[in-house]
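Participant: Let's see this in three dimensions:
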Amino acid sequence: MALDARPTASAPDDDPYLWLEDINGQAALAWVERQNRRTLDRFGGDRFAADRDAIAAILDRPDKLPLIARRGAHLYNFWTDAEHPRGLWRRTSLDSYRLEQPQWEVVLDVDALATREGEDWTWSGATTRPGAHDRAILRLARGGSDAVVLREFDTGTRDFVAGGFELPEAKGGASWLDPDSLLLSSAWGGNVTASGYARTIRRWRRGVDPAQASVLFEVSPQSMAASGSVERSASAMGAGRTVWFYDSVGFFDVRLWRADGNGEGPVQLDLPTDVEVDFEHDWIAVKRRTAWSVGGALQPGDTLLGTRLSAFLQGRRDFAVLFRPESRRSLQGFHWIAGRLVLSILDNLQPVFECLTPSDQDWTRAPIGGLPDIGLVSLGSLDVERSESNGDMLATVQGPLTSPSLLLLPAGGAPTVLKRSPLAFSTGGLVVTRHEAVSSDGERIPYWQTGPVGATDDAPVHLTAYGGFAVSNLPAYNPMIGKIWLERGGTSVVANIRGGGEFGTAWHDAGRFAGKRLSHDDFAAVAADLVRRGVTRPDRIAAEGGSNGGLLIANMLTRFPERFGGLFCTIPLIDMRRYAKLLAGASWVAEYGDPDKPEAWAWIRAYSAYHQAVPSQAYPPILIATTRRDDRVHPGHARKMAAKLEAMGYEQVYFYEPEAGGHGYGKDNRERAAFSALGYTFLREKIGWI
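Facilitator: Numbering: from 1, shown residues only. Prediction:
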């Protein structure tokens, strides 16, 4: 059999597998069916079934933590379990929620709705009408896709509104402008950006055809997306509104406009595009990614500044410095709540929270106490509508061996535990330790190891990372890994590679564009360090990554095959020559570069695993998995890589593609459990741990 190595880095457009990009094409689906059958026949036996059932039981536990958000007088929660796999949208009171068994009122049963309408509905959220929260715009997706159907729902009668707002399937959403009109930011109608997102913001009045809704704001086709939001000074839907428009010119760049309460007369703010901004009433907080000469001073990148919005609009630039970054101390996020600005900080990967109160003289600062300084801690408002907040906040606290807890931080009060999720696996004899590997250029790369005390030199290791889009990837509670890997004596590792946001913009920038190759070096360095420290050996390391992390795993196959015993590559980008032409790919040019530009392709080709894969290499076994309903990362990436590897004679490449799931592992807990269990069965066998 002649080995077909196309496409190659030198001939990147000679691609014999373009037909696999036809998502629902007859030939493509026949190929997928053959691949699925081969994979399930090989790994879908009793061991897989037992692990699938164990994971599903964890995800469906009746005593797991119900997350909440306050809308008016009620706490709302979306709940899934074995009896309700598509989920229940339900509500209760705060007093009831504190009880061991809260009294829930079901607002919408998505399973019953899907059955009644004969649709593969999954829940994507709801936007309720501020104040009374008596109406909601529901976002319903088919099979877990990003694209949604918008439908108006009455939370009192618990039924859809006859003749109410309704929009066919498209990416985007809507927010309430007033009781009878919406701010519509949807890709419906075909007027979309190159990334497939909305180009326009429309004022959609009740009873008006959405195609006839007046356009308030429009962006260039080359922008990533248009979006809008409504700021209210009070919970009432009347006066005191400000409408904000956002032109996301790239993934990390935005232009902002301020309009009146009807979305008219927008005025652009005089700000650089590489900023994050948040407003409340007459205050503005802004953080720029790069250095900024403003107000007579040069502020380093990632510095957070604050001032009165009215003064800023009048041309004054007398900012107060609210946060200045330091080496390995970065601002992860900031948000306003009841007139205060909350800062979320990572100090050498330890969570720190501060609360600032604005003033024309000086901003007062106070630490937010009572929260752990290790593990993963997230802090946000209890209320969905900022204008309705009394300052109450919620914190979720978790770690690799600590199941999530939900804490209430009342305004001016100490945190109290509302709910705690029970542990889903045995943690006896397990510890969490932190280490650092040295990458190819000498950079120190932190990683977190969870496993038995005194692990031997052949520990079965599950290693994962993300390394992209400034996303911080801290070690969280993962009950699936806990049950299938840790409880059985294995070790799990989470690496903080460059491209993430753990240490601010500089850490991200070091791992994007040409630096993406360094990000992959970091991951390989962690694998090597585990061997150097005597934790394990290369053939006992199983690596998993999804989406941008799937690109990472594909590069471990082609660049560092000797360091891994098995690879699980999920919902991945792999063909970096065509990624910007597939689905939402154009929106990621700010992370990788434009492959149509020769200067960018010169570095992209180095980590386009689809083009770098060549015959006659000792590649480790790999399972490449995607979902057909992924309308963010095209399933063609996974399909084509598997087909090419097979054509080059590699027998240890497997492929799996369930029909539903979107940009995730399934549309319900059973499907997610099956997807993960298949991957873990594959990995455990290939590293000799079965």
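Participant: Share the number of residues neighbouring the residue lying closest to Ile690 once chain neighbours are set aside, please.
Facilitator: Distances taken as Cβ to Cβ, 6 or more residues apart in numbering place Arg684 nearest to Ile690, at 5.1 Å, with adjacent residues excluded. C-beta here means a position set from N, CA and C on the backbone, and glycine is covered the same way. Arg684 has 22 neighbouring residues, counting by other Cβ atoms under 10 Å.
Participant: mind checking the SS state of Arg684?
Facilitator: At Arg684 the chain is in helix, as set by DSSP: H, G, I helix; E, B strand; the rest coil.
Participant: OK, contacts around it?
Facilitator: By Cβ atoms under 8 Å, 6 or more residues apart in numbering, the contact set of Arg684 is Pro460, Ala542, Ile690.
Participant: and the first one, how many neighbours?
Facilitator: Looking back up the chat, that one is Pro460. 23.
Participant: pretty sure it is touching Arg537, no?
Facilitator: No. With contact defined as Cβ atoms under 8 Å, Pro460 does not reach Arg537; the gap is 10.4 Å.
Participant: Filter the contacts of Arg684 down to the ones in strands?
Facilitator: Ala542 (DSSP state E).
Participant: Let me know the closest of the contacts of Arg684 to Asp13.
Facilitator: Comparing these against Asp13 with Cβ to Cβ picks out Ala542 as the nearest, at 34.2 Å.
Participant: Arg563 is in contact with the closest one, correct?
Facilitator: No. When contacts are counted by Cβ under 8 Å, Ala542 is not listed as touching Arg563 (11.5 Å).
Participant: who's more crowded, those two?
Facilitator: Taking other Cβ under 10 Å, Ala542 and Arg563 do not tie; Ala542 has more neighbours (29 against 21).
Participant: now the more buried one: how far from Val254?
Facilitator: Distance, Ala542 to Val254, by Cβ to Cβ, to the nearest Å: 39 Å.
Participant: hmm, who's touching stretch 284-302?
Facilitator: Contacts of stretch 284-302 (Cβ under 8 Å, 6+ apart): 252, 271-272, 274-279, 303-309, 312, 317-319, 321-325, 330-331, 334, 336, 341, 504-506.
Participant: Filter the residues you listed down to the buried ones.
Facilitator: 252, 271, 274-279, 303-309, 312, 319, 322-323, 325, 330-331, 334, 336, 341, 504-505 (16 or more other Cβ atoms under 10 Å).
Participant: Helices of this protein, residue ranges please.
Facilitator: For the chain, the helices defined by DSSP state H occupy 26-43, 46-59, 94-97, 110-117, 309-313, 479-481, 505-509, 516-532, 548-559, 589-592, 598-604, 609-612, 636-647, 669-686.
Participant: Ser195 is nearest to which of these?
Facilitator: The closest of the helices of the chain to Ser195 is helix 589-592. By Cβ to Cβ, the value is 9.1 Å.
Participant: Distance from that closest one to the middle of the chain?
Facilitator: Put simply, helix 589-592 sits 17 Å off its chain's centre (Cα atoms, centre = their mean, to the nearest Å).
Participant: ditto for stretch 246-262
Facilitator: Computed by Cα atoms, centre = their mean, the chain-centroid distance of stretch 246-262 equals 21 Å.
Participant: Contact partners for Pro446?
Facilitator: Counting by Cβ under 8 Å, 6+ apart, Pro446 makes contact with Leu349, Arg434, His435, Glu436, Ala495, Asn496, Glu502.
Participant: if I look at it, how far off is Leu349?
Facilitator: From Pro446 to Leu349 the distance is 6 Å (Cβ to Cβ).
Participant: any common contacting residues for these two?
Facilitator: By Cβ under 8 Å, 6+ apart, Pro446 and Leu349 have these common neighbours: Arg434, Asn496, Glu502.
Participant: Just the buried subset of these, please.
Facilitator: Applying 16+ other Cβ under 10 Å to those, the neighbour count classes Asn496, Glu502 as buried.
Participant: how about low-confidence regions in the stretch 101-250 of the chain?
Facilitator: Applying pLDDT under 70 to the stretch 101-250 of the chain flags residues 234-239.
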